[in-house]
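S.K.: The following comprises the amino acid sequence and a computationally predicted model.
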Amino acid sequence: MTETSFSPHSTGADQNLALNLTVAIRTAAYYDADNVVLQQVCSSLASELGTRAAQRGSVRIGIHSHCVFVGDARVRTSVSTYTRFAYLTRIFEAWGINSLTFHAGVSESDVMALALVLARQRGEGPDELAAVLAGHGVRNIEVDLLAQGQAAQTIAPVEAYAVAVQIARKIRESLESGQRADARQIRHVTQAIVDQVMSAPQALVALTTIKELDDSLISHSTNVSILSVLLGQRLGMSKSRLGELCLAAFLHDAGKLEIDPAVLRKPGPLTSEEWEAIRRHPIVAARALLGVGRLTSPSMRAVIVAFEHHLNYDLSGYPTPRIKDHVSLFGNIVAIADRYDAVTTARPYRDIDLTPHEALGYVMEESGRQFDPALAKLFVEIMGFYPPGTVVGLNNGDVAVVCEPPMMGRPLDRPKIRLLTGGHLGEPIDLDDQVDEGTRIKITCVFNPGNKGQVPAVDASVFEGL
């Protein structure tokens, strides 16, 4: 499959076919081959595949650039279908599958064998999958391998974050000296973030908890970009649109570069003049971005987000809009990411900083006023009840830090944790993997050590040598 051969158009039948394949695999994860529900699902899918294969000779379902394709047509995603397609993508990528081709004559038993293997065995590569299917007598399903090295091209999470921080620093230096930022470098970093989020949606979240890596403005712009892209992906945005969202989020706070750093770091209350300078930074950012050169659709969206990111969903906040009757989708997304990262970062003017767990409560409390209600709910689903960086107490007396949210579709209160006390310091534990109720580790409380809101979900030493 080559990128140039893809058609942008797919039919509703294509979407249903891909969804039905996903349903068959997910059903096989819970039911055995003698279960009536699984038999009905596989029978229906085999009939649909057989009919289409008889008409066309074969039917190919594949994954490319984290999108689902039926034949050469990319299947459109929506909020309601995103989770299911993300599951299918993970299954294909775990096995190293480029595509599955179903030939005429494909049977219910063929589909059943495929679903059970994909759902219940660990992906050891498409070679093994082909051999296992052949062992079950499956002859009408062909497994197409990823090209050698294709799966390893994505930049690693740590590298993507480090590149983002480095470029953010360069952008700041350029703007402070009155020069134009290098648009090519900005595109490079936004593409790296989008690629990494599309490859592993939760991989960068833990890195956003390392607040001391650089000064707050640089790390903040990087963190807001990552969180915004996560939310945009959950909405089913295309890769190009995610790139535009990432750019807008990356530049949203550019107006703070013209504020005296002493004001931003002031430990006490701001004077009226200082507060006015703070309230002016969205307008300053919008004007600065308007003057960087030829205006394009992505750059105009960045201008709008820079202006809107402190405007609330109900149009309160600042600056006061004169003609707007709503905040844009990008503006609403960046507002949630911006506020979440801000309230979980230690500030000299606050006595108490929110834990990530408390910050999600704040997002939901302000749903409908500060934040778009639908986006607020999706953000909580992405982050889990205990987001990365939350320090938690366990029912066995140990203390741990959450290092990764649960996978999409799994219980929100069962994240991956790293032990901070006990006999196995640093040991990672996936709470969702534990099934024995008698020995199951559970989260019983949330701590806020030193009123810092959170601790790094990963060791900052991962950046050494980059």
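M.R.: Great, that's in hand.
S.K.: hey, let's count contacts and neighbours off CA atoms from now on
M.R.: OK.
S.K.: wait, residue 32 sits on residue 26?
M.R.: No. Applying CA atoms under 8 Å as the test, residue 32 and residue 26 come out as separate, 11.7 Å apart.
S.K.: Those two - which one has more neighbours?
M.R.: Neighbour tally, residue 32 and residue 26, criterion other CA atoms under 10 Å: the higher count belongs to residue 26, 20 against 14.
S.K.: Could I get the contacting residues of the more buried one?
M.R.: 115, 119 (CA atoms under 8 Å, 6 or more residues apart in numbering).
S.K.: Let me know the pLDDT of it.
M.R.: The score at residue 26 is 91. That number is its pLDDT.
S.K.: just residue 156 next, same as before
M.R.: 65.
S.K.: can you pull the buried residues of the helix or strand of the chain with the lowest mean pLDDT?
M.R.: Lowest by mean pLDDT, DSSP states H and E among the helices and strands of the chain is helix 157-176, with a mean of 73. For helix 157-176, burial by neighbour count (16 or more other CA atoms under 10 Å) applies to 157-165, 167-172.
S.K.: wait, which of those residues is closest to residue 108?
M.R.: residue 157 (40.4 Å; CA to CA).
S.K.: Please tell me how far that closest one sits from residue 194.
M.R.: Using CA to CA, to the nearest Å, residue 157 is found at 11 Å from residue 194.
S.K.: mind listing what residue 48 touches?
M.R.: By CA under 8 Å, 6+ apart, the contact set of residue 48 is residue 17.
S.K.: hmm, 7 Å instead?
M.R.: Shown in contact with residue 48 (CA atoms under 7 Å, 6 or more residues apart in numbering): no residues.
S.K.: Likewise for residue 393?
M.R.: 399-400, 443-446.
S.K.: Mind giving me the ChimeraX select for those residues, buried ones only?
M.R.: Buried members of the contacts of residue 393, identified by 16+ other CA under 10 Å, are gathered into one ChimeraX selection as follows:
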select :399,400,443,446
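S.K.: The contacts of residue 393 into CSV, with extra columns for pLDDT and distance to residue 341?
M.R.: Output for those, formatted as CSV (pLDDT from 0 to 100; distance: CA to CA, whole Å):
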residue, pLDDT, distance to residue 341
399, 92, 23
400, 92, 21
443, 94, 23
444, 93, 24
445, 93, 22
446, 92, 18
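S.K.: how about CSV for the contacts of residue 393, with distance to residue 354 added?
M.R.: Shown next, in CSV, are the contacts of residue 393 (distance: CA to CA, whole Å):
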residue, distance to residue 354
399, 18
400, 17
443, 18
444, 18
445, 15
446, 11
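S.K.: Would you mind putting the contacts of residue 393 into TSV with secondary structure alongside?
M.R.: Output for these, formatted as TSV (DSSP: H, G, I helix; E, B strand; the rest coil):
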residue	secondary structure
399	strand
400	strand
443	strand
444	strand
445	strand
446	strand
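S.K.: what's the helix or strand for the residue nearest the centre of the chain?
M.R.: Central residue check for the chain by CA atoms, centre = their mean: the C-alpha nearest the mean position is that of residue 230, 2.9 Å away. Taking DSSP states H and E as the definition, one finds residue 230 inside helix 216-234.
S.K.: just how off-centre is that helix within its chain?
M.R.: Centroid displacement of helix 216-234 relative to its chain, using CA atoms, centre = their mean, to the nearest Å, is 10 Å.
S.K.: Tell me where the stretch 51-200 of the chain has strands.
M.R.: Using DSSP state E, counting those that start in this stretch, the strands of the stretch 51-200 of the chain run over residues 58-64, 67-70, 73-74, 97-103, 141-145.
S.K.: is it possible to export those strands to TSV including mean pLDDT?
M.R.: Listed next are these as TSV, based on pLDDT from 0 to 100:
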stretch	mean pLDDT
strand 58-64	89
strand 67-70	86
strand 73-74	83
strand 97-103	91
strand 141-145	85
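S.K.: For residue 376, which of these is the nearest?
M.R.: strand 67-70 (25.0 Å).
S.K.: So which residues make contact with that closest one?
M.R.: Taking contacts as CA under 7 Å, 6+ apart, the residues outside strand 67-70 that touch it are 14, 60-63, 74-75.
S.K.: How far does that strand sit from its chain's centre?
M.R.: Relative to its parent chain, strand 67-70 has a centroid offset of 19 Å by CA atoms, centre = their mean.
S.K.: Partner strands of it and their direction?
M.R.: According to DSSP bridges, strand 67-70 forms sheet pairs with strand 58-64 (antiparallel), strand 73-74 (antiparallel).
S.K.: which residues are contacting the longest one?
M.R.: Yep, that's strand 58-64 we're talking about. 49, 52-53, 68-71, 89, 98-104.
S.K.: out of the contacts of residue 393, which one sits closest to residue 432?
M.R.: Using CA to CA, residue 443 comes nearest to residue 432 of the contacts of residue 393, at 11.8 Å.
S.K.: So, low pLDDT: which residues of the stretch 351-466 of the chain?
M.R.: 435, 437, 459-466 (pLDDT under 70).
S.K.: got the residue ranges for the strands in the stretch 301-450 of the chain?
M.R.: Going by DSSP E, counting those that start in this stretch, the stretch 301-450 of the chain shows strands at 391-394, 399-404, 416-419, 428-430, 443-447.
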